[in-house]
Each structure stands twice: as structure tokens, then as C-alpha cells.
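**Student:** compute the structure for the input listed below.
(one chain, ligands or ions: 2)
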Amino acid sequence: MPTLTIQVGQCGNQLGSAIFSSLSSPSIPSPSSLTPSTLPPPFPPPPPSQFFRTTQNCASHSTPIARAILIDTEPKVVERCLTSSTNRDCNFRYSKSNSCVIGAGGAANNWARGYASSSEILEKCMDKVTGELEKSPYTPSVHLLHSCAGGTGSGLGCSLTRSYSDYHGGKTLLFNTIITPFESGEVIVQDYNSALTLSSLIEYSDAILCIENEVASRACSKMLKIAHPGVKELNGVIGDSVSSLISDSYPSLTEYTNSSNSLQLDDVIRHMVPHSSYKMLSHRMVPMMPEGSIEFSRDTWESGVVKRLRQMHRCGGTLECDVNWRKDVDTSVSIANLLVLRGDGGLPRMDTPKRNGILDLESPNQPPLNPNSNNPNSTPLLPNPPPTQPTPPKPNKPKSKAPPTSDVWSVDCSSFSPPNSTYVPWNPSPFKVTRSHVNFKRYEKMGGLLTNSDSCLKLLERVDNAKVKFDARAYVHQYEAFGVGVDEFEAAFLNLDEVRVRYRNLSHA
Ligand SMILES: Nc1nc2c(ncn2[C@@H]2O[C@H](COP(=O)(O)OP(=O)(O)OP(=O)(O)O)[C@@H](O)[C@H]2O)c(=O)[nH]1
Ligand SMILES: [Mg+2]
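**Tutor:** Ligands and ions are numbered 1, 2, ... in the order given. All right, here's what the predicted structure looks like:
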């Protein structure tokens with residue numbers, strides 16, 4: 001099932017490029033991989049069909065096209081994304097007609113300016129979105145990417161999220177990946193913009209993945225040993241972390257072997273947000289290491305990947321270098337966790353290239369997709385696919401094939417299951433694990449963990465910085481000029497305080 005990505009502002013667009021680049025990167029068979037001798041030499045495997053489409057009847061040769069809309073209020077970044085995706089070494093490309101540059105000068109780091117974009121601008125963006133949606137029979141999830149601190153990504157990103165929710169809410173689930181600014185402060189009003197962004201998304205988005213630039217920067221310097229990481233390096237780390245979670249993976253070997261659908265973004269949202277009062281997600285990834293060290297690493301699944309992720313989760317650390325191995329009780333109470341394990345098997349098998357890859361929706365011979373993801377764990381609190389949607393016939397099943405000779409399917413992950421992990425008592429199925437034997441890039445074994453827990457409190461506490469400025473009414477006039485005054489600020493702070501109280505109370509539930 002397709003997922004539409006909407007990239008807004010400088011950060012959203014640059015990050016989108018990094019995520020699509022990671023999603024379309026070839027996996028490299030590792031020296032000790034269990035299957036590569038039977039496989040042809042490395043070549044770019046088909047990227048996940050959820051995020052790409054192909055053009056007419058030439059699926060095997062054409063470059064996959066990202067299902068993405070590129071939006072900004074200044075042309076530079078969008079143009080750079082379009083140009084770099086035409087480079088020979090790029091494994092995907094953007095559709096030029098999906099770019100939408102409105103205005104000419106940016107939103108001057110002012111959330112209100114971006115949010116107050118005219119209905120004409122919103123309509124222009126939504127027309128592009130509709131144009132892309134019409135290329136697929138049904139799109140159950142939309143992934144919006146933007147920063148919190150600027151004006152366009154944060155303000156227009158929130159306005160688009162709201163419009164999308166108004167037009168398509170109930171039929172489509174919205175997943176916002178947002179980048180929070182460095183605490184040291186790059187933009188003087190970044191705390192205002194972050195507070196207004198979070199408050200708005202909590203209302204209109206279905207799930208919010210918060211990624212801190214601070215953490216990405218430490219990942220680059222401490223884990224990848226990059227001396228002076230720049231935006232490109234930060235985006236490399238974030239792109240890999242996000243794509244390792246959302247790329248194709250399967251709940252079980254049976255589902256993989258029977259060619260059932262892989263986990264889709266709407267399934268992720270339903271699992272991770274079982275109650276609409278708790279939408280804040282965070283992520284972790286293991287391993288992260290310098291490129292040159294990867295081939296020397298010989299991790300085992302249980303002690304090398306799962307145990308390390310479990311300990312990071314236990315002590316609330318986002319990076320492996322923060323792990324305190326002496327801690328033996330969970331610091332946080334979780335609402336839900338999703339563990340994704342990838343690797344051991346090298347490349348995808350080549351006998352059924354379509355299976356892991358792109359379904360050519362524009363080809364007349366392509367069997368239609370089944371829009372019913374029928375996830376048994378889905379809850380009625382988030383919208384399911386629309387009941388009026390006609391159910392297309394089931395796709396022809398590709399021939400069943402021998403299971404991959406990889407042990408990723410049998411890794412013991414029970415340390416994340418209740419009661420071995422601390423969960424709220426009201427979620428009957430808080431833990432899910434999905435797997436793929438396809439290596440993630442060069443990593444022989446890797447694990448990603450998506451968490452909904454009270455670990456988001458640290459981030460929410462940063463709102464207090466905004467309150468201090470607001471008490472002095474600093475810069476508020478700049479927001480008032482675009483319709484966001486004292487009342488709107490106070491409503492946003494109140495909204496965020498309520499979220500804090502809800503998450504804080506998890507440990508008393
Ligand atoms: N990780 C990451 N952060 C970025 C990137 N570009 C900008 N940022 C962060 O985003 C914030 C600034 O937001 P931008 O996305 O540049 O702003 P914008 O949405 O284009 O809005 P205006 O320029 O104000 O119209 C700062 O916190 C930057 O550190 C990027 O490519 N990657
Ligand atoms: Mg900008």
C-alpha cells in the first residue's frame with residue numbers, strides 16, 4: 001500500500017532526500033552472510049513499493065520515483081533536491097511536477113507566518129497532493145517531514161497537517177517526523193516555533209516521531225567518529241534510522257514466505273498509537289559504527305543487537321554510548337514498542353523481484369493492490385480504511401519459495417514483551433517485532449526500536465524555555481502580525497502541559 005511523503009521547508013526536503021536515498025540503497029551481502037554464494041553479484045535491489053512507483057512498463061530498468069511532494073517557500077532547496085536526484089549514483093528520482101514552491105522569501109523562522117499561509121497557497125499544495133494520490137487506488141498513510149524551528153516547515157507543515165486531516169482524516173493516517181533544534185539555539189524564537197508545532201500536531205497528526213538534532217550530532221561524533229558533522233552527516237544518520245524502521249519487514253517467516261503484505265506505515269501508526277492521547281514516538285538504532293568498522297563487526301542477534309537495544313530502552317538512552325549497564329529496571333513506562341530486525345541474509349532473493357520491490361501501479365498488467373491491511377492489532381481509536389472503498393480482488397500470489405536461510409526469524413525478543421518490559425496495563429498488545437533477512441545497507445545485523453513512552457517528557461520540558469520568553473512577551477509581536485497572539489500561545493502551552501501530565505501519569509497508572 002502506498003505511503004505519500006510530504007517534505008516541507010529546508011529541513012523537510014533535505015531530510016526527505018536522505019530518507020529516500022537510504023530506502024533505495026542497495027543492501028550489501030556480508031562476508032559471513034548465510035546465502036550470498038547462491039546469489040548474483042550486488043546490484044541495487046528494488047526499494048520498498050510503499051514509498052516508490054515506477055513508470056510505464058519498464059519496471060526492471062527505470063529508476064523508481066519517490067511518491068513525494070516537495071514544498072517550500074523558497075526555490076533553492078527544492079531545486080537542489082530535484083537536481084541531485086538526477087545524478088547517476090542516485091537510486092531514485094523525484095517527479096519534477098510534484099514540486100511546489102510558493103512565495104519567494106521563506107517564512108523568516110516565524111511559525112505564524114508559515115501557518116497563516118493563504119488558502120490559495122494551501123490549495124496549491126493540496127492540488128499537488130491530490131495529483132499524486134490519484135496515481136494509486138488508495139493511500140492509507142501520509143508521512144510529513146519538517147523541522148520545528150524554522151517558519152515554513154513548522155508553520156506550513158502544521159497548516160498542511162491540519163488541512164489534510166480536515167480533508168482526508170478518517171481515511172488516511174498522518175505520521176509527522178519532526179526535527180527538534182539544537183538546545184544551544186540556532187534560531188532565537190526556536191522554542192516558540194517548537195511549542196506551537198508540537199501543540200498543533202498533537203491535535204491533528206496521528207503519530208509524531210521526534211528526532212533531536214542534538215542526538216543525531218552526538219551519533220555522528222561519538223558513534224560514527226565524524227569529527228565535525230555537518231547537516232549532510234546528520235541527515236545520513238537520521239535517514240538511516242527512519243528508513244530502517246519503515247522499510248519492508250514482516251511479522252513472521254510465514255507472512256514472508258506466503259508473500260503476505262509487509263508491515264505498512266499505517267500498521268505502524270495503529271500499533272504505536274493505541275490511544276489518541278499519546279502520540280509521541282522516539283527511536284533507537286543498533287549498531288551505528290564508522291563505515292570502515294562494519295566489516296569487522298561480528299555481532300550476534302541476542303547479545304549484540306537485542307540486548308543492547310533493550311538496555312538502551314531500559315535506561316532511556318537514545319544512543320548506545322549512553323547505556324548504563326548497571327541499570328536493571330526500566331526507567332520509563334511504555335505504551336507500545338516496535339522492534340525491527342534486519343539482516344543475515346544479504347540481498348533479497350532474485351527469483352521474485354516484485355515481491356520485495358516495486359508494484360508498478362501505472363502498468364495496465366499490474367494486479368491491483370489489496371487495500372485491507374487487516375491488522376489484528378489495530379484499534380478502533382484510529383481510523384481504519386474507509387468502508388466505502390470497493391475491495392479490489394486479491395493480488396495474484398507470487399510462487400511460494402524456500403524460506404531464506406537466515407536466523408533473523410528465530411531471534412528471541414521476549415525481553416521486550418510484558419512482563420519483561422514495563423508497559424501500561426491497558427494496552428493488550430503493546431509489543432510487536434517485524435523482521436527481514438535482507439541486510440540493511442552494509443550491516444550484517446541491525447535492529448531499530450520505535451517507542452511510545454514517557455521518555456518524551458524530556459523533550460516536552462523544553463517548552464518551559466518558551467514560557468520564560470513568553471512571560472517577558474519577547475518577540476510576541478512578530479507572531480501577532482500573523483494572527484498568533486497571547487491567547488494562541490497560552491492555548492498551546494496549556495495543550496502541551498496536558499500532554500506532559502498524561503505521560504507523567506503513566507508511571508502511576
Ligand atoms: N537535521 C537537519 N536539520 C535541519 C536541516 N535543515 C535545517 N535544519 C534545522 O531546521 C531548523 C531550521 O528550519 P528550516 O527547515 O531551515 O526552516 P524552514 O522550514 O525552511 O523555514 P524558513 O526558512 O524559516 O522559511 C534548525 O533547527 C536547523 O538546524 C537538515 O537538513 N537536517
Ligand atoms: Mg527555509
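**Student:** where does the stretch 201-350 of the chain get nearest to ligand 2, residue-wise?
**Tutor:** The minimum distance from the stretch 201-350 of the chain to ligand 2, using CB to the ion, falls at Val231 (12.6 Å). Every C-beta, even on glycine, is put in place using the N, C-alpha and C of the backbone.
**Student:** can you tell me the helix or strand for the nearest residue to that residue once chain neighbours are set aside?
**Tutor:** Residue nearest to Val231 in three dimensions, not counting chain neighbours: Gln14, with 6.6 Å by CB to CB, 6 or more residues apart in numbering. Assigning secondary structure by DSSP states H and E places Gln14 in helix 9-23.
**Student:** same check on Asp464?
**Tutor:** Using DSSP H and E, Asp464 sits in helix 463-471.
**Student:** who does that helix touch, helix- and strand-wise?
**Tutor:** With contacts defined as 3 or more CB pairs under 8 Å, 6 or more residues apart in numbering; DSSP states H and E, the packing partners of helix 463-471 are helix 190-204, helix 486-504.
**Student:** just confirm Glu291 contacts Tyr443, I think it does.
**Tutor:** No: counting by CB atoms under 8 Å, Glu291 stays clear of Tyr443, with 10.7 Å between them.
**Student:** and these two? which has more neighbours close in?
**Tutor:** Remark: of Glu291 and Tyr443, Tyr443 carries more neighbours, 24 against 10, as counted by other CB atoms under 10 Å.
**Student:** what about the closest residue to the more buried one other than its chain neighbours, how many neighbours?
**Tutor:** Distances taken as CB to CB, 6+ apart put Gly343 closest to Tyr443, at 6.0 Å, once the chain neighbours are dropped. By other CB under 10 Å, 26 other residues sit near Gly343.
**Student:** what about the helix holding Gln14, distance to the chain center?
**Tutor:** Relative to its parent chain, helix 9-23 has a centroid offset of 11 Å by CA atoms, centre = their mean, to the nearest Å.
**Student:** for the helix or strand following that helix, packing partners?
**Tutor:** Next helix or strand after helix 9-23 toward the C-terminus (DSSP H and E): strand 52-53. Judged by 3+ CB pairs under 8 Å, 6+ apart, strand 52-53 is in contact with strand 65-66.
**Student:** pull the residues that contact the helix or strand following the strand it packs on.
**Tutor:** Counting by DSSP H and E, the element after strand 65-66 in chain order, helix or strand, is strand 68-72. The contact list for strand 68-72 (CB atoms under 8 Å, 6 or more residues apart in numbering) reads 4-10, 12-13, 16, 20, 78, 81-82, 94-95, 98-102, 106, 125, 128-129, 132, 152, 156, 160.
**Student:** what about 6 Å?
**Tutor:** By CB atoms under 6 Å, 6 or more residues apart in numbering, the residues outside strand 68-72 that reach it are 5-9, 13, 78, 81, 98-101, 125, 128-129, 152.
**Student:** which ones among those residues also lie next to ligand 1?
**Tutor:** 9, 152 (CB under 6 Å from any ligand atom).
**Student:** show me the contacts of strand 68-72 that map onto strands.
**Tutor:** Mapping the contacts of strand 68-72 onto strands (DSSP state E) picks out 5-8, 99-101.
**Student:** now these as TSV including neighbour count and pLDDT?
**Tutor:** Formatted as TSV, the ones in strands among the contacts of strand 68-72 follow (neighbours: other CB atoms under 10 Å; pLDDT from 0 to 100):
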residue	neighbour count	pLDDT
Thr5	25	98
Ile6	27	98
Gln7	32	98
Val8	32	98
Ser99	20	94
Cys100	20	94
Val101	16	93
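**Student:** which one of the residues you listed is nearest ligand 1?
**Tutor:** Using CB to the nearest ligand atom, Val8 comes nearest to ligand 1 of the ones in strands among the contacts of strand 68-72, at 6.6 Å.
**Student:** correct me if wrong: the closest one contacts Ser147.
**Tutor:** No: contact criterion CB atoms under 6 Å: Val8 and Ser147 do not qualify, at 8.8 Å.
**Student:** which residues are common contacts for the two?
**Tutor:** Common neighbours of Val8 and Ser147, using CB under 6 Å, 6+ apart, are Gly153.
**Student:** quickly find the element holding the residue nearest to Met126 when sequence neighbours are not counted.
**Tutor:** Distances taken as CB to CB, 6+ apart place Ser163 nearest to Met126, at 6.1 Å, with adjacent residues excluded. In the assignment (DSSP H and E), Ser163 maps to helix 157-168.
**Student:** mind checking what helix or strand follows that helix in sequence?
**Tutor:** Assigned by DSSP H and E, the successor of helix 157-168 is strand 173-180.
**Student:** Asn91 touches Pro26, doesn't it?
**Tutor:** No: the pair Asn91 / Pro26 is not scored as a contact, 7.3 Å apart, by CB under 6 Å.
**Student:** one step back: name the residues of the helix holding Ser163 that are buried.
**Tutor:** Within helix 157-168, the residues scored as buried using 16 or more other CB atoms under 10 Å are 157-165, 168.
**Student:** low-scoring stretches of the stretch 251-400 of the chain, by residue?
**Tutor:** Within the stretch 251-400 of the chain, the segments meeting pLDDT under 70 span 258-260, 345-400.
**Student:** distance of the closest residue to ligand 1 within the stretch 101-250 of the chain from Asp89?
**Tutor:** Closest residue of the stretch 101-250 of the chain to ligand 1, CB to the nearest ligand atom: Gly150 (2.0 Å). Distance, Gly150 to Asp89, by CB to CB, to the nearest Å: 29 Å.
**Student:** same thing with Asn465?
**Tutor:** 41 Å.
**Student:** swap in Asp191?
**Tutor:** Between Asp191 and Asp89 the computed distance is 39 Å (CB to CB).
**Student:** the more surrounded of these two?
**Tutor:** Between Asp191 and Asp89, Asp191 has the larger neighbour count (other CB under 10 Å), namely 23 against 6.
**Student:** can you pull the contacts of the more buried one?
**Tutor:** Neighbouring residues of Asp191 by CB under 6 Å, 6+ apart: 465-466.
**Student:** recalculate using a threshold of 8 Å.
**Tutor:** 462-463, 465-466, 469.
**Student:** ok, now Tyr192?
**Tutor:** Going by CB under 8 Å, 6+ apart, Tyr192 touches 111, 466, 469-470, 475, 479, 489.
**Student:** let's see that with 6 Å instead.
**Tutor:** By CB under 6 Å, 6+ apart, Tyr192 lies in contact with Ala466.
**Student:** read off the pLDDT value for it.
**Tutor:** Note for Tyr192: predicted pLDDT of 97.
**Student:** check the one 10 residues further on too.
**Tutor:** pLDDT, Ile202: 97.
**Student:** next, count neighbours for it.
**Tutor:** Neighbour count of Ile202, defined by other CB under 10 Å: 19.
**Student:** just confirm His143 contacts Leu174, I think it does.
**Tutor:** No: assessed by CB under 6 Å, His143 is found out of contact with Leu174, at 8.3 Å.
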